[in-house]
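Chemist: next one to model:
(chains A and B)
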Amino acid sequence: MDSTAVETTVRSVLADQGKLSEDAHSIAVDADLYRAGMTSHASVNVMLGLEDEFDIEFPEERLTKATFTSVQSITEAVEAIRND
Amino acid sequence: MTARVGCDLQAVAPVAQALAHRGRRYLRAVCAPEEVQDLTGGGAGMPAPESVAGRFAAKEAVLKVLRPEPDDAVPWPHILIRSGPGGEPRVQLRGTAQRLARQAGLEGWSVSISHDGPFAMAVAVATESPGDDTDAGASTDTELSCGAGAAGNP
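Modeler: Residues are numbered from 1 along each chain as shown, chains lettered A, B, ... in the order given. Prediction:
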């Protein structure tokens, strides 16, 4: 799965779980998801959704606000975990 | 001595949805094993969504008092909301949460949780004394247990 495919899946998970006030499929890659309406609780469901979609497990050190701040930061984290 | 206050409002519905959809896996993502034990009584059933929503609000309120940086990893299970002898909520911190509290000299934690219909809310308070950075690298195996003098769950 290349980076574009990862980002597309990340956007799908955000659309399902992120409770965003904007369209997750079109929101800017670096837009602040918390400013776009994602709550802390929603970010938990985003994390679990990503784990399901990519068959990964987020290590504790990745459970930061920065990791879930944007489509870009999430995509980078998923790719890093997949490559570990 | 300065007080730090955090508060949070949590809708019950998304918690109920997460419990129904992901069950124990969701619980483990937000609660430490001891909290799951508290919530379920050790049984296999799911806890009441209102109870989990209240705890999550309390965890978020405590997190706001801790004021982590964006790169600080504070897993929700490292902020424990336990029940005291009288049923009052009590705060226990582990890992980065414990480190942040020590660095800021936070002590005397109190947390209060309330529920009304579709919402749960919580307020957390701690007193801030001069920081102690010497504990920044302390082991995360130990716990900081903080008594709560709050009114507790209604």
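
Chemist: residue B:76 against residue A:44, yeah?
Modeler: Yes: in terms of CB atoms under 8 Å, residue B:76 counts as a neighbour of residue A:44; the distance is 7.1 Å. Every residue, glycine included, has its C-beta placed from N, CA and C.

Chemist: what does chain A put close to chain B?
Modeler: With the criterion set to CB under 8 Å from any CB of the partner chain, chain A comes near chain B through A:19, A:40-42, A:44-45, A:47-48, A:60-66, A:69.

Chemist: ok, back up a step: quick one: common contacting residues for residue B:76 and residue A:44?
Modeler: B:29-30 (CB atoms under 8 Å, 6 or more residues apart in numbering or on different chains).

Chemist: contacting residues around the residue of chain A found nearest chain B?
Modeler: Nearest to chain B in chain A, going by CB to the nearest CB, is residue A:66, at a distance of 4.0 Å. By CB under 8 Å, 6+ apart, the residues touching residue A:66 are A:73, B:70-71.

Chemist: centroid-nearest residue for chain B?
Modeler: residue B:59 (3.0 Å; CA atoms, centre = their mean).

Chemist: contacts only, for that one.
Modeler: B:30, B:76, B:79, B:81.

Chemist: likewise residue A:49?
Modeler: By CB under 8 Å, 6+ apart, residue A:49 lies in contact with A:13, A:16-17.

Chemist: where in chain B is pLDDT low?
Modeler: B:130-154 (pLDDT under 70).

Chemist: kindly recompute the last result at 50.
Modeler: B:134-154 (pLDDT under 50).

Chemist: now the strands for it?
Modeler: B:2-11, B:79-83, B:89-93, B:106-116, B:119-128, B:144-146 (DSSP state E).

Chemist: these two touch, right, residue B:27 and residue B:19?
Modeler: Yes: contact status for residue B:27 versus residue B:19: in contact at 7.3 Å, counting by CB under 8 Å.

Chemist: quickly list what's touching both of these two.
Modeler: B:46-47, B:52.

Chemist: ok, so of these, who is nearest chain A?
Modeler: residue B:52 (10.2 Å).

Chemist: show me the helices in chain B, by range?
Modeler: B:12-22, B:24-30, B:33-40, B:49-66, B:95-104 (DSSP state H).

Chemist: elements contacting the shortest one?
Modeler: It stands for helix B:24-30. Identification of packing neighbours for helix B:24-30 by 3 or more CB pairs under 8 Å, 6 or more residues apart in numbering or on different chains; DSSP states H and E yields helix A:40-54, helix B:12-22, helix B:33-40, helix B:49-66.

Chemist: kindly report the same for the first one.
Modeler: If contacts are counted by 3+ CB pairs under 8 Å, 6+ apart, helix B:12-22 sits against helix A:40-54, helix B:24-30, helix B:49-66.
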